[in-house]
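Chemist: Quick one: sequence plus predicted model below, questions after.
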Amino acid sequence: MSEAPARKLGPMVVGGIMVVAILVGGTYWWLHKQRYVSTENAFIQADKVSVAPQIDGYVSAVLVDDNQRVTAGQVVVRLDDADLRARLAQAQANAQALQAAVRGIDDKAALEQALIAQKAAGLDSAKAQAQMAQAEARRYGALAQQGWVSSQRVQSVRAGESTSAAAVAQAQAALEAERRSAESLSSARDQSVAQALGAQAAVETARINLSRTEIRAPVSGVVGARAVRPGQYVRPGMSMMSVVPLGQAYVVANFKETQVSRLRVGQPVTIRADAFGNKAIPGKIDSFAPATGSEFAMIPVENAVGNFTKIAQRLPVRIAVDPKSPLAGALRPGLSVSVEVDVSVTTGTGFADAGPGPALARSEP
């Protein structure tokens with residue numbers, strides 16, 4: 001008689017335990033759902049930089065290997081610079097020749113100033129001689145009226161007066177000619193100076209192009225996708241390799257539009273990656289994308305059709321990784337991660353807190 005109640009009590013105990021477990025699990029799930037928002041549609045990204053030449057030429061040396069760490073400014077590729085060195089030497093010689101031409105014009109200008117001074121002195125001397133000849137002609141004219149000198153003497157004196165006046169005119173014309181010559185030298189000097197400046201600019205251009213034969217890493221990081229080899233001919237803009245700044249990686253998590261209403265900038269985030277055994281990596285929400293991912297697709301989705309089916313869209317959310325985390329520098333772009341946001345923190349700018357822009361605000365009555 002005692003065995004029958006025992007058989008009935010066992011299933012009841014098991015059922016009771018199951019009910020309690022379901023209640024506890026359901027309560028934990030509900031509380032967890034109220035505090036956390038999570039998604040597995042998240043990936044590691046980094047602002048990788050493509051290394052490309054600014055000039056064309058043949059590669060003489062590749063100084064880095066795949067997956068090698070580089071620092072900003074480090075030379076990673078060298079191009080053959082023999083032709084550019086010759087162009088620089090030619091440009092420098094041309095600039096020196098034009099600078100010498102400017103100095104030659106300056107020497108001629110100094111000589112012209114001396115000649116102008118000489119001609120001015122000759123003009124003053126001719127004017128003095130003309131004044132003396134005029135005075136002598138007046139004196140002899142008065143004496144001729146009184147009969148003291150012959151008419152032949154008077155004619156000789158007047159001829160000297162005319163000669164002196166002609167000498168003044170000649171000296172004045174010579175002075176004006178030298179001044180015009182000096183002015184023409186000034187114009188020639190301006191032209192030579194302009195040509196010299198152009199030649200100096202050509203020298204700087206050749207020097208810049210020569211410096212561009214050494215291609216440097218734009219940022220610190222790790223080399224990847226190296227597609228250049230010695231002897232290869234490269235052109236401007238051609239991607240030779242990429243530099244990935246691993247220490248500046250971040251997470252882009254694509255949350256459903258039904259989840260973003262509770263998200264705030266600055267909320268703590270727990271990041272877990274399969275590559276690191278689901279170890280927790282701390283982070284925080286940094287910003288929200290201005291549109292859903294479908295808006296930035298190459299072929300946007302056209303919803304103006306008759307057979308429309310509503311699908312929850314996803315909004316990219318940028319999550320900053322805590323730089324103090326031991327795994328912050330080990331994150332590789334492209335790795336998939338899962339993120340869990342603690343939405344119990346209600347401070348900070350939320351997804352729905354962005355008001356109308358200035359243009360929209362001005363258009364409102």
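Modeler: Looks like it arrived, so ask away. Source: prediction; values computed, not measured.

Chemist: switch to C-alpha atoms for all contacts and neighbour counts from now on
Modeler: OK.

Chemist: Show the model's pLDDT score for residue 362.
Modeler: We have a pLDDT of 43 for residue 362.

Chemist: Give me the distance between the residue nearest the centre of the chain and residue 195.
Modeler: Nearest to the geometric centre of the chain sits residue 218, at 12.0 Å (Cα atoms, centre = their mean). As judged by Cα to Cα, to the nearest Å, residue 218 and residue 195 stand 36 Å apart.

Chemist: What of residue 340?
Modeler: To residue 195, residue 340 is 67 Å away according to Cα to Cα.

Chemist: repeat for residue 239
Modeler: 38 Å.

Chemist: Please apply the same query to residue 317.
Modeler: 57 Å.

Chemist: Determine the number of other residues adjacent to residue 338.
Modeler: Using other Cα atoms under 10 Å, residue 338 has 18 neighbouring residues.

Chemist: so how many other residues sit close to the closest residue to residue 284 other than its chain neighbours?
Modeler: In space, residue 284 comes closest to residue 268 once its chain neighbours are excluded; the distance is 4.4 Å by Cα to Cα, 6 or more residues apart in numbering. Residues lying near residue 268 (other Cα under 10 Å) number 20.

Chemist: Could you tell me which residues make contact with residue 268?
Modeler: Taking Cα atoms under 8 Å, 6 or more residues apart in numbering, we find residue 268 in contact with 282-285, 341-342, 345.

Chemist: can you tell me which of those residues are in strands?
Modeler: 282-285, 341-342 (DSSP state E).

Chemist: which of those count as buried?
Modeler: 282-285, 341-342 (16 or more other Cα atoms under 10 Å).

Chemist: mind listing the strands for the stretch 151-300 of the chain?
Modeler: Along the stretch 151-300 of the chain, counting by DSSP state E, counting those that start in this stretch, strands occupy 214-216, 221-224, 233-234, 241-244, 250-256, 268-273, 280-288.

Chemist: what residues does the first one touch?
Modeler: This means strand 214-216. Contacts for strand 214-216 (Cα under 8 Å, 6+ apart): 52-53, 72-79.

Chemist: now do the shortest one
Modeler: Under the contact criterion Cα under 8 Å, 6+ apart, strand 233-234 has outside partners 53, 56-59.

Chemist: Paired strands for that strand, with orientation please.
Modeler: Sheet pairing for strand 233-234, assigned by DSSP bridges, gives strand 57-62 (antiparallel).

Chemist: How far off centre is the partner strand?
Modeler: Between the centre of strand 57-62 and the centre of its host chain there is 25 Å, according to Cα atoms, centre = their mean, to the nearest Å.

Chemist: Got the domain ranges for this protein?
Modeler: Domain assignment for the chain by automatic domain parsing gives 49-80+213-242, 82-211.

Chemist: For those domains, which has the smallest mean pLDDT value?
Modeler: domain 82-211 - the lowest mean pLDDT of those, at a mean of 76.

Chemist: Residue 309: neighbouring residues, count only.
Modeler: The number of residues packed near residue 309 is 8, by other Cα under 10 Å.

Chemist: and the gap between it and residue 85?
Modeler: The value you get for residue 309 to residue 85, if Cα to Cα is used, is 66 Å.

Chemist: and what of residue 348?
Modeler: Noted for residue 348: a distance of 58 Å to residue 85, by Cα to Cα.

Chemist: now do residue 231
Modeler: For residue 231 relative to residue 85 (Cα to Cα), the value is 19 Å.

Chemist: of all the contacts of strand 214-216, which two lie farthest apart?
Modeler: Based on Cα to Cα, the longest span within the contacts of strand 214-216 runs between 72 and 79 and measures 18.9 Å.

Chemist: So for these two, which sits in the more crowded spot?
Modeler: Remark: of residue 72 and residue 79, residue 79 carries more neighbours, 25 against 12, as counted by other Cα under 10 Å.

Chemist: From the contact counts, what lies against the top helix by length along the chain?
Modeler: Using DSSP state H, we find that the single longest helix of the chain is helix 82-145. Under the contact criterion of 3 or more Cα pairs under 8 Å, 6 or more residues apart in numbering; DSSP states H and E, helix 82-145 touches helix 151-211.

Chemist: circling back: go through the ones in strands among the contacts of residue 268 and name the one nearest residue 120.
Modeler: residue 285 (86.0 Å).

Chemist: Could you report the separation of the closest residue to residue 219 other than its chain neighbours from residue 330?
Modeler: Spatial nearest neighbour of residue 219, chain neighbours left out: residue 72 (4.2 Å); criterion: Cα to Cα, 6+ apart. Using Cα to Cα, we find residue 72 at a distance of 19 Å from residue 330.

Chemist: Check residue 220 too.
Modeler: Going from residue 220 to residue 330 by Cα to Cα gives 15 Å.

Chemist: which of the two has more neighbours?
Modeler: Each of residue 220 and residue 330 has its neighbours counted (other Cα under 10 Å); residue 220 has more, 18 against 12.

Chemist: What separation is there between that one and residue 325?
Modeler: Distance of residue 220 to residue 325, given as Cα to Cα: 19 Å.

Chemist: Identify the residues contacting the residue lying closest to residue 315 once chain neighbours are set aside.
Modeler: Leaving aside its sequence neighbours, residue 315 sits nearest to residue 292 (Cα to Cα, 6+ apart; 4.5 Å). Residue 292 makes contacts with 313-316, as judged by Cα under 8 Å, 6+ apart.

Chemist: and which of the residues you listed is nearest residue 226?
Modeler: Closest to residue 226, out of all of the contacts of residue 292 and judged by Cα to Cα, is residue 316, at 29.7 Å.

Chemist: relative orientation of the helix or strand containing the closest one and strand 280-288 in degrees?
Modeler: For residue 316, the host element (DSSP states H and E) is strand 314-321. Here strand 314-321 runs at 120 degrees with respect to strand 280-288, directions being taken by axes from the mean of the first three to the mean of the last three Cα atoms, to 10 degrees.
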